[in-house]
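# generate a structure from the sequence data that follows.
(one chain, ligands or ions: 2)
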Amino acid sequence: MSENSPLKWIAFETTKRCNLNCVHCRSKNTDLKYKDIDKKNVFLLMERVAEFSKPVFVLSGGEPLLRSDIFEIASYGNGLGFKMAMATNGMLINDDICKKINESGIRICSISLDGSNSDIHDSFRRQHGSFDGVVKATEIFKRHNIPFIINSSFTKKNQSDIENTYRLAKKLGASAWYMFIVLPVGNAKDDMEEIITKEDYEKILEWHFDMEISEKDMKVRPTCAPSYYRIFAEKAKKLGKNLERRNLSFSPDGSKGCVAAESIAYIDAYGNFYPCSYFSQSAGNIFEKSVKELWNSEIFSSIRDTSKYIGDCGVCEYKKICQGCRVRSAVYNGNYLSKDPFCDYKPKNNH
Ligand code: SF4
Ligand code: SF4
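Ligands and ions are numbered 1, 2, ... in the order given. Purely as a prediction, here's the structure:
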């Protein structure tokens, strides 16, 4: 193990199969010949990561519990020294599964809750009964002492329910609540009109700041909203406070905006290695290159090097703590090093 390895968190798409078809899914499966990577190759993939680092290793999907060998995979990762975690939609959680989660060494689960009631959540998840399934899953997790993070995704469809969803996550006993403003990738790309406007995005992040400074029990963070770190710094300064951001264990580094390619990476269901789970451009395949090579590839190196950024992000005084969303830049501007189109901040250095 490389003690100083910067790779701290990695998610692996264990399968593209899913029992839901959510409006925002990044794992959209259009490959009719798709088959899961077999267990032997999953083990090989994990060994290749372990040669480079021992990060938090998230078994993601699709729905990972649809793999009959998921707990063998979790145990294997645990044996390699990873801190194992699992991202599930919660529909298949029961007592037996929770026993296996504990036995296999999975230390934390994340579960998705996209609204504070069944009408909102079920229409987002496109499955009647999925809200009740999530609530029930959280109760079973608690019975088995499995800590869980609640991830909530928002588009125009459910943005009015953000605050209620936060309150429900807290009531359900989540150790952390991560708010995600959906990006136009995967299924969400089919309906760009549903993406929250940048004006509302900024207002939501301002609301998050006010909520975060008064939230004492649960860790909270907006996922993939790097300019929040600019808003956080500006607002904290106005309040005359030195507000330290909390340590978000088992999560991508919470100390700065975007950490793609810097401390996190993503491996898809074919073994392709990406700076984060929303990138469409990969650095190569883990079965063909070492993780060290992938980590030092052009795409990873250039994302880490903020001097390569162009437009406002390139001259921004906040770029080291924010970094902008490189995926939004790629999708809207065709260049992942360009200005994050969801930030209207005019850098001081530009005047
Ligand atoms: S590039 Fe965007 S989507 Fe990827 S980790 Fe950074 S903020 Fe999130
Ligand atoms: S201009 Fe770029 S680096 Fe600066 S705050 Fe906005 S997104 Fe972040």
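
# give me the neighbour count for the nearest residue to Lys292 once chain neighbours are set aside.
Leaving out its chain neighbours, the residue that sits closest to Lys292 by CB to CB, 6 or more residues apart in numbering is Phe52, at 5.6 Å. Backbone N, C-alpha and C define where each C-beta goes, glycine included. Counted with other CB atoms under 10 Å, the neighbours of Phe52 add up to 20.

# over to Lys241?
Neighbour count of Lys241, defined by other CB under 10 Å: 10.

# and what about it, helix, strand or coil?
What DSSP: H, G, I helix; E, B strand; the rest coil gives for Lys241 is coil.

# what residues does it make contact with?
Residues in contact with Lys241 (CB atoms under 8 Å, 6 or more residues apart in numbering) are Ile213.

# do I have it right that Glu297 meets Ile286?
Careful, residue 297 is Ser and not Glu. No - judged on CB atoms under 8 Å, Ser297 makes no contact with Ile286 at a distance of 11.9 Å.

# that older thread, where does the residue nearest to Lys292 land on pLDDT?
pLDDT, Phe52: 96.

# again with Pro64
96.

# in contact with it, which residues?
For Pro64, the contact set (CB under 8 Å, 6+ apart) comprises Thr14, Thr15, Ile70, Met86, Ala87, Thr88.

# just to check, the first one is in contact with Ile70?
Okay, so that is Thr14. Yes - with contact defined as CB under 8 Å, Thr14 counts as touching Ile70 (6.5 Å).

# shared neighbours of these two, anything?
Shared contacts of Thr14 and Ile70, defined by CB under 8 Å, 6+ apart, comprise Leu59, Pro64.

# ligand 1 versus the one residue sitting closest to the centre of the chain, what's the distance?
Among the residues of the chain, the one closest to the centroid is Thr223, at 6.4 Å (CA atoms, centre = their mean). Going from Thr223 to ligand 1 by CB to the nearest ligand atom, to the nearest Å gives 7 Å.

# next one: Lys54
Using CB to the nearest ligand atom, Lys54 is found at 21 Å from ligand 1.

# tell me, how many neighbours does Asp268 end up with?
21.

# number the chain from 56, please
New numbering, starting at 56: the last item is Asp323.

# what pLDDT is listed against it?
For Asp323, pLDDT reads 96.

# is it true that it touches Glu68?
Yes - using CB under 8 Å, Asp323 is in contact with Glu68, at 4.8 Å.

# need the contact list for the residue in the stretch 206-355 of the chain that ligand 2 sits nearest to.
The nearest approach of the stretch 206-355 of the chain to ligand 2 comes at Arg285, 3.8 Å away (CB to the nearest ligand atom). Neighbouring residues of Arg285 by CB under 8 Å, 6+ apart: Gly312, Cys371, Tyr373, Ile376, Cys377, Cys398, Tyr400.

# name the helix or strand for it, please.
Assessed by DSSP states H and E, Arg285 sits inside helix 283-293.

# state the next helix or strand along the chain beyond that helix.
Per DSSP H and E, the first helix or strand lying C-terminal to helix 283-293 is strand 319-322.

# can I have that following strand written out in CSV, keeping just the CAs?
Output of strand 319-322 as CSV, limited to C-alpha atoms (Å, rounded to 0.1, in the frame of the first residue of the first chain):
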residue,chain,number,x,y,z
ILE,A,319,-11.5,10.3,-5.8
ALA,A,320,-12.0,8.1,-8.9
TYR,A,321,-14.7,5.9,-10.4
ILE,A,322,-14.6,2.6,-12.2
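
# what does the next helix or strand after that strand rub up against?
Sequence-wise, the next helix or strand downstream of strand 319-322 (DSSP H and E) is strand 327-329. Contacts of strand 327-329 from elsewhere in the structure, counted by CB under 8 Å, 6+ apart, are 320-323, 336-341, 344, 346, 349.

# among these, which ones are buried?
Ala320, Tyr321, Ile322, Asp323, Ser337, Ala338, Gly339, Ile341, Lys344, Val346, Leu349 (16 or more other CB atoms under 10 Å).

# so the last one touches Gly339, yeah?
It refers to Leu349. Yes - Leu349 is within contact range of Gly339, at 5.5 Å (criterion: CB under 8 Å).
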